[in-house]
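>>> Okay, structure incoming, though there's no sequence with it:
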Ligand code: MLT
């Protein structure tokens with residue numbers, strides 16, 4: 001037998017595993033220190049009461065023979081009607097009309113941003129912004145695909161636009177962006193949609209942070225004319241409603257998206273019915289409660305809590321005169337490392353001298369060198385304390 005030798009081209013460990021291991025080693029060596037984590041984007045607020053209520057009811061249904069559920073409905077790739085129609089309603093409020101068959105329930109955006117690659121030949125060239133969420137890059141390295149990069153930097157506000165001289169088949173976009181927090185406006189997304197349609201490329205659009213948009217930027221790529229002919233959207237309840245541990249998301253594959261003479265929606269349905277058995281009924285019922293009126297009101301409170309943390313971090317950096325982007329439409333703040341430090345150098349200084357953990361920008365790509373990502377997903381108390389320590393270290 002032969003292994004998939006593409007795995008040998010990966011770095012030894014995934015970025016957040018490396019950061020987590022360094023944090024754990026430091027904490028083990030210094031058990032007396034309270035190390036504050038502003039690194040991986042994992043949420044800290046509990047699930048909204050409306051979600052908890054829906055999940056409790058779903059558990060009760062599972063306890064009675066008459067209402068017990070086994071596998072989900074196979075005609076919708078195991079998505080329950082209540083959830084699919086609530087997602088359809090949330091898109092309708094953004095002015096996007098979808099049919100039920102275009103919405104596929106997933107266990108989160110991260111899984112599907114790799115799984116979706118099953119639809120595409122490994123001969124395709126993939127275009128990624130640099131810096132970029134490492135899961136896109138690693139998933140394509142595993143498949144042996146050629147990866148090229150679009151430079152994101154201070155000059156373009158970390159929002160690269162397509163270069164007509166570059167040929168790509170698969171394009172990953174994430175807006176609001178992980179790691180930089182920058183969000184495309186309509187004109188920027190329209191440039192990408194036109195570029196993809198001209199070339200017959202496909203955009204894989206990660207909208208996991210769309211709920212953080214406050215300035216009227218598009219919350220779905222399908223708000224852009226022409227996107228239904230070139231884009232697949234991946235979204236998640238993780239950051240919107242605190243589902244990082246519960247697991248539920250959705251992937252939208254428009255019926256009008258055709259490549260190579262095939263309807264990608266049909267290919268994805270075929271793939272999912274073969275390799276996936278759905279998300280638990282309990283998780284789906286919890287997720288269905290998120291886009292009710294009461295659910296929207298309750299998650300707005302949680303989003304406001306994280307936005308306040310982002311403001312606390314932004315105020316701290318403003319006070320120190322440190323350049324940053326993000327934090328406005330996003331839970332991530334992308335800061336320049338102080339005093340010309342490299343990303344890992346600043347990581348070590350911050351960990352050892354302030355006992356604060358963040359994510360080194362260079363872990364997201366070469367253009368991330370000299371930058372550092374902080375997350376607003378911690379508790380307010382820890383965010384304030386981390387900022388107090390950062391200010392004391394750097395002033
Ligand atoms: C991050 O910190 O970038 C995110 O938590 C990653 C993810 O959502 O998988």
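Structure received. Remember, predicted model here, so these are calculated numbers, not experimental data.

>>> Closest residue of this protein to the ligand?
Closest residue of the chain to the ligand, CB to the nearest ligand atom: residue 41 (3.2 Å). Any C-beta I mention is one placed from the backbone N, CA and C, and that applies to glycine too.

>>> correct me, but that residue touches residue 333?
No. The pair residue 41 / residue 333 is not scored as a contact, 11.4 Å apart, by CB atoms under 8 Å.

>>> anything in contact with each of those two?
residue 375 (CB atoms under 8 Å, 6 or more residues apart in numbering).

>>> Would you mind listing what in the protein touches the ligand?
40-42, 110, 133, 178 (CB under 6 Å from any ligand atom).

>>> Select, from these, the two members most distant in space.
Spatially, the most separated pair among the residues of the chain next to the ligand is 42 and 133, at 14.4 Å (CB to CB).

>>> higher neighbour count, the two?
Each of residue 42 and residue 133 has its neighbours counted (other CB atoms under 10 Å); residue 133 has more, 23 against 15.

>>> these two touch, right, the more buried one and residue 174?
Yes. Look at residue 133 against residue 174 with CB under 8 Å: they come within range, at 5.9 Å.

>>> Need the residues touching each of those two.
Both residue 133 and residue 174 are contacted by residue 206, under the criterion CB under 8 Å, 6+ apart.

>>> higher neighbour count, residue 41 and residue 333?
residue 333 (29 against 22).

>>> and the more buried one, what is it in contact with?
Neighbours of residue 333 in contact, by CB under 8 Å, 6+ apart: 181, 310, 313-314, 317, 324-327, 373-376.

>>> Can you show me the helices along this structure?
Assigned helices in the chain, in chain order: 15-29, 49-62, 81-93, 109-115, 134-142, 186-199, 238-241, 264-275, 281-288, 293-320, 343-349, 380-394 (criterion: DSSP state H).

>>> how about CSV for those, with mean pLDDT and mean neighbour count added?
Below are these laid out as CSV (pLDDT from 0 to 100; neighbours: other CB atoms under 10 Å):
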stretch, mean pLDDT, mean neighbour count
helix 15-29, 95, 15
helix 49-62, 98, 16
helix 81-93, 97, 18
helix 109-115, 97, 21
helix 134-142, 97, 20
helix 186-199, 98, 18
helix 238-241, 97, 24
helix 264-275, 98, 16
helix 281-288, 98, 24
helix 293-320, 98, 17
helix 343-349, 97, 19
helix 380-394, 98, 18
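
>>> Now tabulate these in TSV and tack on distance to residue 209.
As requested, the helices of the chain are exported to TSV (distance: least, CB to CB, whole Å):
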stretch	distance to residue 209
helix 15-29	16
helix 49-62	19
helix 81-93	15
helix 109-115	10
helix 134-142	14
helix 186-199	15
helix 238-241	6
helix 264-275	23
helix 281-288	17
helix 293-320	10
helix 343-349	21
helix 380-394	18
